[in-house]
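Enquirer: Quick one: sequence plus predicted model below, questions after.
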Amino acid sequence: MNIDLVRYVKKNKGFSLIELMIVVLVIGIIAAIAVPNLAKSKMAAHESSAISAVRTLVTAQITFAVKSGSGDFAADLVTLQGANLIDSVLGSGTAEAYSFSLSGSGVQYTIDARPLVYGASGIRSFFTDESGAIRYTTADAAATASDPGLGQ
């Protein structure tokens, strides 16, 4: 049987149009299955990164309150960056396909994280406050304190 294959290859110096079409069809089917899964994986990675960034901001706020001596939280991202508690990427308000905002005054603060492109960057917006509980919503809107938490 191996000899027949060698004779076939020597006799036919290439592939027929049907054989090439079958190969292209198989590659197309594999791509159709793989591309949506790739997009979902990428979105999940962006959401995980956003959750991590929110946790980093909570830690930075606690550190700022302790270091300041007064117990007051930082008013914005620029203040945390100026205190060298977050890097310039997170301090800019945009990181890993999410936008971040922080507002604080005295012993209260809120942190919001929203996807830059809803549905492509992520489908969850995140929220936390001085309680440290991270909440989310799947609506194309900012999350609030009344939304479910990550552990729920």
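Expert: That came in fine, so what should we check first?
Enquirer: show me where pLDDT drops low in this structure?
Expert: For the chain, applying pLDDT under 70 flags the ranges 1-6, 8-13, 151-152.
Enquirer: And the contacts of stretch 134-152?
Expert: Applying Cβ atoms under 8 Å, 6 or more residues apart in numbering, the contact partners of stretch 134-152 are 51, 54-55, 112, 114, 118-119, 123-129, 133. From N, CA and C alone the C-beta is placed, and that goes for glycine too.
Enquirer: at 7 Å instead, please
Expert: Contact with stretch 134-152 is made by 51, 54, 112, 114, 118, 123-129, 133, as judged by Cβ atoms under 7 Å, 6 or more residues apart in numbering.
Enquirer: Please name the nearest non-neighbouring residue to residue 47.
Expert: residue 122 (4.6 Å; Cβ to Cβ, 6 or more residues apart in numbering).
Enquirer: and the contacts of stretch 134-152, which of them are in strands?
Expert: Among the contacts of stretch 134-152, the members falling in strands (DSSP state E) are 112, 114, 125, 126, 127, 128, 129.
Enquirer: Verify the stated contact: the fifth one with residue 112.
Expert: Yes: the pair formed by residue 127 and residue 112 meets the contact definition of Cβ atoms under 7 Å, at 5.6 Å.
Enquirer: Looking at those two, which has the bigger crowd around it?
Expert: residue 127 (22 against 18; other Cβ atoms under 10 Å).
Enquirer: can you pull the contacts of that one?
Expert: 110, 112, 135, 142, 143, 144, 145, 147.
Enquirer: With distance to residue 95 and secondary structure added, can I get those residues in JSON lines?
Expert: Converted to JSON lines, those look like this (distance: Cβ to Cβ, whole Å; DSSP: H, G, I helix; E, B strand; the rest coil):
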{"residue": "110", "distance to residue 95": "18", "secondary structure": "strand"}
{"residue": "112", "distance to residue 95": "13", "secondary structure": "strand"}
{"residue": "135", "distance to residue 95": "19", "secondary structure": "strand"}
{"residue": "142", "distance to residue 95": "17", "secondary structure": "coil"}
{"residue": "143", "distance to residue 95": "17", "secondary structure": "coil"}
{"residue": "144", "distance to residue 95": "22", "secondary structure": "coil"}
{"residue": "145", "distance to residue 95": "23", "secondary structure": "coil"}
{"residue": "147", "distance to residue 95": "22", "secondary structure": "coil"}
